Structures are given as C-alpha cells and as structure tokens.
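> Below are the sequence and a predicted model for it; my questions follow.
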Amino acid sequence: MTFPNERKHELNASQAGTVTLGDLPIARMAFGTMQLPGPGVWGEPRDPQEARRVLRRAVELGITYLDTASYYGPLVSDRFIVEALSPYPDGLIIGTKVGCWRGSDKSWIAETRPEQLKTSVEDNLDRLRLEQLPLVHLRYAEHAGVPFEDSLGALIELRQAGKIRQIGLSGVTLEQLTAAQKLVPIASVQNLYNLVDRRDENILEYCTKFGIPFMPYFPLAMGSLGREVGPLTTIAHRHHATPAQVALAWLRARSPQMVLIPGTRSVAHLEENIDSLAIQLDAQEQRALEENAEIASLPSFHH
Ligand SMILES: NC(=O)c1ccc[n+]([C@@H]2O[C@H](COP(=O)([O-])OP(=O)(O)OC[C@H]3O[C@@H](n4cnc5c(N)ncnc54)[C@H](OP(=O)(O)O)[C@@H]3O)[C@@H](O)[C@H]2O)c1
C-alpha cells in the first residue's frame, strides 16, 4: 500500500493547542532532538545540514518546545540547537534532562548524585547559552543508589537559585511523582508511553486529572509505529495519512495534557508529523488500534 508523501495539509504546530509547563505555554506538538546525532545517539549527524534544517523548520512550523539532553551525541543535539537557532526566538522553550551521561563505550550511565546534577545544570546553561534553564527533567535511575529525594533536592536548590525555572520528572513512578509534588511543583512528566507500551497508563491518568503536561518518549516506538502493521495501515488509508501520523493522532487524543515530541532526522518526516494534527480518530478507531495484537507485539524501543 502506498501513502501520500506530499504535504497536503500544511498545518502549524499551534493548531495542536497549548499546555503550560508551570508558567510557560507550549504547543502540544513539539520536537525531540534525540534522533539528530549519529546512529545510536552517538557522534555527528549523517547529514548535518539536514539536522539544522529540521530544527529551523520545526520553529518555522510553530513548534515552541524542543526536548533535548546534553548526553545526546553527547553534546551534539545541543550544539546543533545553538548553531541553528541561537539567539532563540521569543517563546521557544528548550527543555533538557539531567541524571545521565554516556560512557566512551556508548553506554548510558546514571549520574544522579547532587553534585553531578549541579555541575550538569551549570554546563547546560553554558552550552545552551541560557541564563536560566526553562525546564529540566530529572532522569532518575533507582539502580544508581542515590535516594530520589536527594537528587530532586539538588534541582530544588538550583531552582531556588534561579538557575532552573521549572522542574520535570522522567522515568518516574506514581509514588515518586506524588512525593515530589509535596516538595516542589512538577511542571512535566516524561515517561515511555506509546501505542505499543502503555504500562504507565496510571501516570498518564494522574497527569490528566491534575493538569500536568505528559510528554511520552518514544511516541513512535522509535519508528516501529511507522510500519504498515494491522489497523494502522487500514486506518491510515482511510484518512489519506501514513501509519506514523495515525499513531501520533491516537496518542494526541489520549489526553488534553499530551505533548508529542516525535524525533526525526528529516524535514519530510517533521512536516508529516505536524500534519498528523489533521487526523481525528473516532472511538472505534482508537479502540481498534489499542486492541490489536500485531501492534502490541511490536518492539516499543530498541538500542
Ligand atoms: N526521558 C527519556 O528518558 C527519553 C528517552 C528517549 C527519548 N526521549 C525524548 O523523546 C523524543 C522522542 O523519542 P525518539 O525520537 O527517540 O523516538 P520516536 O519519536 O518514537 O521515533 C523516532 C523514529 O521514528 C522515525 N520517524 C519519525 N517520524 C516518522 C514518520 N513520520 N514516519 C516514519 N518514521 C518516522 C524516525 O526516523 P527518521 O529519522 O528517519 O524520521 C526515528 O527513527 C526524543 O527525541 C527525546 O527528546 C526521552
């Protein structure tokens, strides 16, 4: 089956509506920069010019939130953001994450000790050329052995010192989220959630109920949901859309607090993802996608 590849709708991200990260409004259609570095989120992009074009086009098409981390590359996504977009346009929010770094063997290493988090925030300020980080997600890892309250406490101190405006949590449990809220307002939650993997449904429900923006990572299951699988194909055909667009439309409809941060290296896919805003799935279509065994058996991420 073929899918349309020319831009039919020419939509703008603002048409997704907005949510607020604490006091910072953003469009619910946003962009994640993890795909910009080379394969395995390591090293330089295969096509550096296209990487810069993707970032500029994202902003041109109304995206007001970029999700990044210094460990993408490492230091590659952030450098491209600065090169392509600094000085930043008004209203553009750059959200980052701390609590992780990359080993020289490309491994992902937890760095959640308070002093590591403080150094990371200072480095982010410097590299992103910002006086205050608008949103910092704590990417907490239980196995690192640092108590959650200690890691969060470091970010709270940095917020009190004016280095951070809003705090978000990533890879968080409901218990950690509610405990954190007793200490500081939580402006966003970033957990794994997509059509394939809905184990954090309870956290999405909580965020929806209490008005906390929820930005699922791997919204396209790292590309698996771009494939012609089960009802993704038939529903895509019905809407003159692509499977990836249907997967994003499904996600968007799950909650008014849902913020989409699909990542891509190509302007064509970026535009396609924004154009998914034209698709409104009905309840039957939502259910058909949720209940399909073929979709449920897709890998929700891979390394
Ligand atoms: N908090 C965390 O721990 C955490 C973890 C992982 C990710 N994140 C954030 O979440 C963001 C999203 O995750 P992700 O970018 O890794 O994965 P994703 O959005 O689920 O999928 C990205 C993959 O989908 C493909 N793709 C994108 N648009 C497509 C389209 N229209 N049709 C077909 N394929 C398409 C991309 O390939 P092409 O490049 O070829 O388009 C890429 O391989 C990241 O960028 C990052 O900001 C956070």
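Cool, the structure landed. All values derive from a computational prediction rather than experimental measurement.

> Using neighbour counts, pick out the buried residues of stretch 104-114.
Applying a neighbour-count criterion of 16 or more other Cβ atoms under 10 Å, one finds 110-114 buried in stretch 104-114. Using the backbone N, CA and C atoms, a C-beta is placed for each residue, glycine as well.

> Which single residue of the stretch 101-250 of the chain ends up nearest the ligand?
Closest to the ligand within the stretch 101-250 of the chain is residue 226: 2.8 Å, counting by Cβ to the nearest ligand atom.

> What is the neighbour count of that residue?
20 (other Cβ atoms under 10 Å).

> Spell out which parts of the stretch 1-150 of the chain neighbour the ligand.
Residues of the stretch 1-150 of the chain found near the ligand (Cβ under 6 Å from any ligand atom) are 32-35, 67, 97, 139.

> Farthest pair within those?
35 and 139 (17.6 Å; Cβ to Cβ).

> beta partners of residue 136?
Counting by DSSP bridges, residue 136 forms beta bridges with residue 96, residue 167.

> confidence score at it?
Note on residue 136: pLDDT of 99.

> can I assume it is in contact with residue 98?
Yes: using Cβ atoms under 8 Å, residue 136 is in contact with residue 98, at 5.9 Å.

> what about the strands in the stretch 101-250 of the chain?
With strands called from DSSP state E, counting those that start in this stretch, the stretch 101-250 of the chain shows them at 108-110, 133-139, 164-170, 186-190.

> Using CSV, list the CA coordinates for the third one.
As requested, C-alpha coordinates have been extracted for strand 164-170 and formatted as CSV (Å, rounded to 0.1, in the frame of the first residue of the first chain):
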residue,chain,number,x,y,z
ILE,A,164,16.1,26.5,36.7
ARG,A,165,12.6,27.8,36.1
GLN,A,166,10.6,24.6,36.1
ILE,A,167,11.3,21.0,37.2
GLY,A,168,10.0,17.9,35.3
LEU,A,169,10.5,14.2,36.1
SER,A,170,11.4,11.5,33.7
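
> which other helices and strands contact it?
Strand 164-170 is packed against strand 133-139, helix 148-160, helix 174-181, strand 186-190, with contacts defined by 3 or more Cβ pairs under 8 Å, 6 or more residues apart in numbering; DSSP states H and E.

> Including mean neighbour count and distance to residue 56, could those go into CSV?
What follows is these, written out as CSV (neighbours: other Cβ atoms under 10 Å; distance: least, Cβ to Cβ, whole Å):
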stretch, mean neighbour count, distance to residue 56
strand 133-139, 24, 20
helix 148-160, 18, 30
helix 174-181, 16, 35
strand 186-190, 25, 24
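
> What residues sit buried inside stretch 53-73?
So stretch 53-73, judged by 16+ other Cβ under 10 Å, has buried residues 53-55, 57-59, 61-73.

> If we ignore the residues flanking it in sequence, what's nearest the residue nearest to the spatial centre of the chain?
With distances taken as Cα atoms, centre = their mean, the residue of the chain nearest its centroid is residue 261 (3.8 Å). Spatially, and ignoring its direct neighbours in sequence, residue 261 is nearest to residue 32 (3.9 Å; Cβ to Cβ, 6 or more residues apart in numbering).

> Surely residue 26 forms part of a strand?
Yes: assessed by DSSP: H, G, I helix; E, B strand; the rest coil, residue 26 belongs to a strand.
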